[in-house]
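K.L.:
could you look at this predicted model? Sequence included:
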Amino acid sequence: MSLFFLKGEAQAKMHDFTSLTKNYFDDKNALDPLSATQSGQNEYNDQLQFEMTDGFRKKQATFFDKYKVALTKIDKNQLSEEEKNSYEIIKWEVEIGKELLKYPTNLIPITQIDGMHITLGQFAGGTSAQPFKTEKDYTNFLKRMDKYSVWIDSAMVYMKKGMTKGVILPKALTEKLIPQFAGMPTPNIEDNLFYSSIKLMPTSFSDAVKKDLAAKYTAIINEKLIPKYKKMADFLVNEYLPASRATSGIGSLAFGKDLYEVYAKQWTTTVLTPDEIHNLGLKEVARLNSEMEKVKTQVGFKGTLKDFFDEVRNKPELKPFKISEEVIANFEKIYARIKPNVDKLFSLQPKTKFEIRRTEAFREKTASAEYMPGTTDGTRPGIFYVPIPDIANYNIYRDEDLFLHEAIPGHHFQVSLQQESTILPDFRKFNWFGAYGEGWALYTESLGKELGMYQDPYQYFGMLGGDMHRAIRLVVDTGIHSKNWTREQAIQYSLNNEARSESSIIAEIERYMARPGQALSYKIGQLKIIELRKKAETKMGEKFDIKKFHEKVLESGVMPLALLEKKIDNWINESK
């Protein structure tokens with residue numbers, strides 16, 4: 001009888017934790033309905049968060065406190081290994097969330113690469129995460145546009161508060177932000193980004209429904225969105241730009257250095273200090289420079305490495321395309337070439353479909369190549385977006401490496417497998433940790449030769465360049481935000497150590513200025529996964545199976561790096 005009671009008690013404890021994880025996911029989605037839409041949680045598709053407001057931040061604080069207390073009521077000893085991971089992930093997210101709320105980050109609600117204007121602009125295109133298949137889908141987005149027009153006013157209110165406290169964007173970033181608002185109003189409604197979905201209405205809609213929706217979209221764009229976009233553009237030009245700061249990093253703000261330490265912790269999921277990260281970056285840059293010298297010698301180039309960067313940047317043979325379709329076709333060829341080799345390294349592969357698309361015109365000038373996850377129900381494939389703002393200067397030397405990172409077996413494999421998992425709770429299926437997720441994608445770049453890539457020395461140089469790019473990030477991101485580096489210093493350091501064009505380097509440095517700490521995640525995560533692979537190979541010897549290693553890394557989805565290390569250590573010990 002007592003055994004039965006204990007068993008029942010354990011089941012009740014497990015049920016309590018299952019309920020906790022479900023409630024945690026529901027509450028996260030309610031707080032962040034845009035992310036919910038991106039994850040395919042469509043019950044939130046008409047909602048919008050006003051994340052910069054004091055009221056919203058109070059809701060966040062309540063959320064964090066609620067789950068901090070809830071975790072104390074769970075008996076960890078009763079949980080399975082995967083449930084223990086879930087417990088630790090919630091604990092980690094709640095703690096870092098509470099730390100970030102100590103700082104007035106809400107006073108800078110938009111940048112040139114992040115913010116509601118970017119996300120809703122993507123959704124408005126009609127081919128992104130916001131669904132446009134039913135009448136309800138269209139009315140959902142109408143409600144979102146209506147709320148968004150109010151959101152723009154709220155953003156300005158908090159940006160003005162930021163101006164009075166000196167919590168404001170650097171001038172160079174404000175200059176990039178202005179055209180994103182000034183360029184949105186269009187003479188013809190049909191050309192407006194927010195009208196895009198009307199041109200994609202399903203043929204199953206009746207003429208009356210089509211006419212009604214077109215009229216409603218026209219009205220809200222002309223009467224609400226365009227006036228608010230003009231108001232924001234005027235505010236940015238006349239008030240915000242003159243007040244914007246001359247410094248580049250958040251370290252120049254009164255609380256900036258402390259905040260940057262929290263961002264470094266958030267994005268790397270480690271306790272490495274900015275100084276430690278900076279020095280690690282310098283070591284990696286030196287190591288990769290010597291590898292690049294070998295390629296320079298291999299192709300017979302006689303000048304310095306910096307001269308070779310210029311050669312790679314400007315070599316006509318590496319800029320062969322005349323029209324953007326040729327860029328997409330080249331990525332399709334890369335996809336076809338690696339397909340036969342993927343099975344040699346991966347037994348665990350996703351079912352989610354995959355597509356390659358050109359980045360939308362409205363954000364192409366400031367966008368990097370990126371991956372947007374698909375949905376597990378198959379309604380949206382995983383999409384590899386490629387910006388082609390200037391076809392004449394599009395350089396192919398990094399295309400193979402880029403595809404491995406953003407697409408297969410990088411983000412598409414990792415994100416899709418996580419979303420398709422049958423063993424993870426929902427909050428983990430749609431979760432993200434940059435150090436793990438970006439670390440995985442960067443690690444996959446090193447698999448190129450095993451996948452039949454990098455036959456051409458310039459493509460291999462592209463891989464080294466990609467790795468160098470992430471090593472440079474450790475140096476310049478910490479330099480800008482914790483060592484008072486200027487934007488110009490960071491640009492020059494990059495130009496001295498990599499072959500990217502000056503325009504792309506400027507866009508990258510400005511991205512780091514806008515997203516402090518995010519750029520640290522790639523290299524820190526990659527180095528940890530490489531370290532774990534080497535450890536497994538050494539300790540397991542002939543028992544080491546690369547397919548099993550990849551399965552172990554991928555099967556539990558994103559997690560802080562310490563949890564991943566524990567998982568791989570357990571696997572190594574069990575194999576003995």
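P.N.:
Alright, I've got the coordinates. Numbering: from 1, shown residues only.
K.L.:
next, the nearest residue to Lys449 once chain neighbours are set aside: phi, psi?
P.N.:
Distance criterion Cβ to Cβ, 6 or more residues apart in numbering; nearest residue to Lys449, sequence neighbours excluded, is Tyr460 at 8.0 Å. For the C-beta atoms, the positions are set from N, CA and C on the backbone; glycine is no exception. Main-chain torsions, Tyr460, degrees, to the nearest 10: phi -70, psi -40.
K.L.:
OK, contacts around Tyr460?
P.N.:
Contact analysis of Tyr460 by Cβ atoms under 8 Å, 6 or more residues apart in numbering lists Val295, Gly448, Lys449, Tyr454.
K.L.:
same question, Glu360
P.N.:
So Glu360 contacts Gly121, Gln122, Gly125, Tyr385 (Cβ under 8 Å, 6+ apart).
K.L.:
check what contacts the host helix or strand of the first one and list those residues.
P.N.:
Meaning Gly121. Assigned by DSSP states H and E, Gly121 falls within helix 116-124. For helix 116-124, contacts defined as Cβ under 8 Å, 6+ apart pick out 34, 37, 48, 109-110, 128-130, 141, 144-145, 148, 151-152, 155, 180-181, 193-194, 196-197, 360, 362-363.
K.L.:
and the strand or helix carrying Asn570, what does it pack against?
P.N.:
Here Asn570 sits within helix 561-575, counting by DSSP H and E. Packing partners of helix 561-575 (3 or more Cβ pairs under 8 Å, 6 or more residues apart in numbering; DSSP states H and E): helix 81-100, helix 434-445, helix 521-540, helix 546-554.
K.L.:
gap between the residue nearest to Lys449 and Pro409?
P.N.:
Computed as Cβ to Cβ, to the nearest Å, the Tyr460 to Pro409 distance reads 18 Å.
K.L.:
same deal with Ser19?
P.N.:
Remark: distance between Ser19 and Pro409 (Cβ to Cβ) = 35 Å.
K.L.:
again with Phe255
P.N.:
40 Å.
K.L.:
who has more neighbours, these two?
P.N.:
A side-by-side neighbour count of Phe255 and Pro409, using other Cβ atoms under 10 Å, places Pro409 first with 25 against 14.
K.L.:
how deep is Asp54 tucked in, by neighbour count?
P.N.:
For Asp54, using other Cβ under 10 Å, the count is 10.
K.L.:
what sits against it?
P.N.:
The neighbours of Asp54, taking Cβ under 8 Å, 6+ apart as the test, are Asn106.
K.L.:
circling back: from the contacts of Glu360, which two are the most distant?
P.N.:
Spatial extent of the contacts of Glu360 (Cβ to Cβ) is set by the pair Gly121 and Tyr385 at 13.3 Å.
K.L.:
can you name every helix or strand that the helix or strand hosting Ile509 contacts?
P.N.:
Using DSSP H and E, the element containing Ile509 is helix 502-514. Counting contacts by 3+ Cβ pairs under 8 Å, 6+ apart, helix 502-514 is packed against helix 171-182, helix 457-482, helix 487-497.
K.L.:
give me the mean pLDDT for that helix.
P.N.:
The pLDDT scores in helix 502-514 average 94.
K.L.:
can you show me the CA trace of it as PDB?
P.N.:
Output of helix 502-514 as PDB, limited to C-alpha atoms (Å, rounded to 0.1, in the frame of the first residue of the first chain):
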ATOM      1  CA  GLU A 502      33.600  47.700 -46.300                       C
ATOM      2  CA  SER A 503      29.900  48.300 -46.700                       C
ATOM      3  CA  SER A 504      29.000  44.800 -45.200                       C
ATOM      4  CA  ILE A 505      31.500  45.400 -42.400                       C
ATOM      5  CA  ILE A 506      29.900  48.800 -41.600                       C
ATOM      6  CA  ALA A 507      26.500  47.100 -41.500                       C
ATOM      7  CA  GLU A 508      27.800  44.400 -39.200                       C
ATOM      8  CA  ILE A 509      29.500  46.800 -36.700                       C
ATOM      9  CA  GLU A 510      26.300  48.800 -36.600                       C
ATOM     10  CA  ARG A 511      24.400  45.600 -35.900                       C
ATOM     11  CA  TYR A 512      26.700  45.000 -32.900                       C
ATOM     12  CA  MET A 513      26.100  48.500 -31.700                       C
ATOM     13  CA  ALA A 514      22.400  47.900 -31.800                       C
END
